[in-house]
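Novice: Could you look at this predicted model? Sequence included:
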Amino acid sequence: MLEHVTATRYVVPLREGGSLPGVVEGDDLGTYVVKFRGAGQGPKVLVAEVVVGELARRLGLPVPRLVTIELPDAIARYEADEEVQDLLNASPGLNLGVDLLPGSLGYDGSRPPEPELAARILWLDAYTANPDRTWSNPNLLTWHRRTWLIDHGAALYFHHSWPSRTPDPARFARQPYRAEDHVLREVAGDVRAAHHELASWVPGLLDEVLALVPDPWLEPTADLPDPTAVRVAYQEHLQARLEGVEAWLPQGVAR
């Protein structure tokens, strides 16, 4: 399971994103960017953050450390901003903490990653259907001269239809990926070579990363009545996507 931390102080909101994450101090003396369970997108965003982020980590991509962070009921007591106070009051219990990288800068292309790393990142985004790694929303940081991946909550879009539609792994498997606007497209090496390098590792990692997701974030549906069934559905979708690679692997990206 992910390391568990208890929040001791809410510091400041980060208003760059739509979900209003905030900087929070933990009882381990660490500082985290917290993605709140009570935000408008709901816990599915936290699931995507864990599954994609921890899969990336196991594939050797730089991702800040993720933790579950317990938000005490009283943490909103001294918060003056009503919007933030409402969010904190809606998010007691388990939330997601992302290790704050002090002094990191948003990616601007001035120090691009090596072509091989850029190709691996592009492959991961195509595989998990992540629409957010564009110049308008790079979701990359530069820290200690390395490129770090953040904010994967928009990936795995298929789970947002589960309350009203029976899960359909085949539909996700054949969904193409638009790489034209990817922030690393012009610097990426051979994405097909990245696929051959990484894909064989994924089946053995899916159970491991899905087990890291706390049960309360795995919302049941009529077709998925418990956390075990929800995890199986995620695994089926991601395995089907892997097997349908020709439908989504970006073409013509190799330098």
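Specialist: Great, that's in hand.
Novice: For the one helix or strand Leu198 maps to, buried residues please.
Specialist: Assigned by DSSP states H and E, Leu198 belongs to helix 191-198. Going by neighbour count (16 or more other Cβ atoms under 10 Å), the buried part of helix 191-198 is Val191, Arg192, Ala194, His195, Glu197, Leu198. C-beta here means a position set from N, CA and C on the backbone, and glycine is covered the same way.
Novice: now for it, which elements pack on it?
Specialist: helix 115-127 (3 or more Cβ pairs under 8 Å, 6 or more residues apart in numbering; DSSP states H and E).
Novice: For the residue nearest to Thr166 when sequence neighbours are not counted, which residues are in contact?
Specialist: Spatially, and ignoring its direct neighbours in sequence, Thr166 is nearest to Asp223 (5.2 Å; Cβ to Cβ, 6 or more residues apart in numbering). Asp223 sits next to Trp162, Thr166, Pro167, Ala229 when contact means Cβ atoms under 8 Å, 6 or more residues apart in numbering.
Novice: So which of those are in strands?
Specialist: The strands, defined by DSSP state E, take in nothing from the contacts of Asp223.
Novice: Would you reformat those as TSV and include pLDDT and neighbour count?
Specialist: As requested, those are exported to TSV (pLDDT from 0 to 100; neighbours: other Cβ atoms under 10 Å):
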residue	pLDDT	neighbour count
Trp162	88	19
Thr166	80	11
Pro167	85	20
Ala229	96	14
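Novice: Now the two most distant members of those.
Specialist: Thr166 and Ala229 (12.1 Å; Cβ to Cβ).
Novice: Check the gap between the closest residue to Leu224 other than its chain neighbours and Gly93 for me.
Specialist: Sequence neighbours aside, Val230 is the residue nearest to Leu224 in space, at 4.8 Å (criterion: Cβ to Cβ, 6+ apart). According to Cβ to Cβ, to the nearest Å, Val230 stands 18 Å off from Gly93.
Novice: Which one's more surrounded, those two?
Specialist: Val230 (24 against 14; other Cβ atoms under 10 Å).
Novice: For the more buried one, give me the pLDDT.
Specialist: pLDDT for Val230: 97.
Novice: Identify the single longest strand in this protein, thanks.
Specialist: strand 3-13.
Novice: okay, now the domains of this protein?
Specialist: 3-99, 105-247 (automatic domain parsing).
Novice: which residues touch the worst-scoring helix or strand of the chain on mean pLDDT?
Specialist: When the helices and strands of the chain are compared on mean pLDDT, DSSP states H and E, helix 82-89 comes out lowest with a mean of 90. Helix 82-89 is contacted from outside by Tyr10, Pro13, Leu20, Gly22, Phe36, Gly38, Ala39, Leu71, Ile75, Ala76, Glu79, using Cβ under 8 Å, 6+ apart.
Novice: Could you identify the helix or strand that succeeds it?
Specialist: strand 93-99.
Novice: rewinding a little: who's in contact with the following helix or strand past the longest strand of the chain?
Specialist: Using DSSP H and E, the helix or strand that follows strand 3-13 in sequence is strand 22-26. The contact list for strand 22-26, computed with Cβ under 8 Å, 6+ apart, reads 5-14, 31-34, 36, 67, 69, 71, 84, 87, 97, 100.
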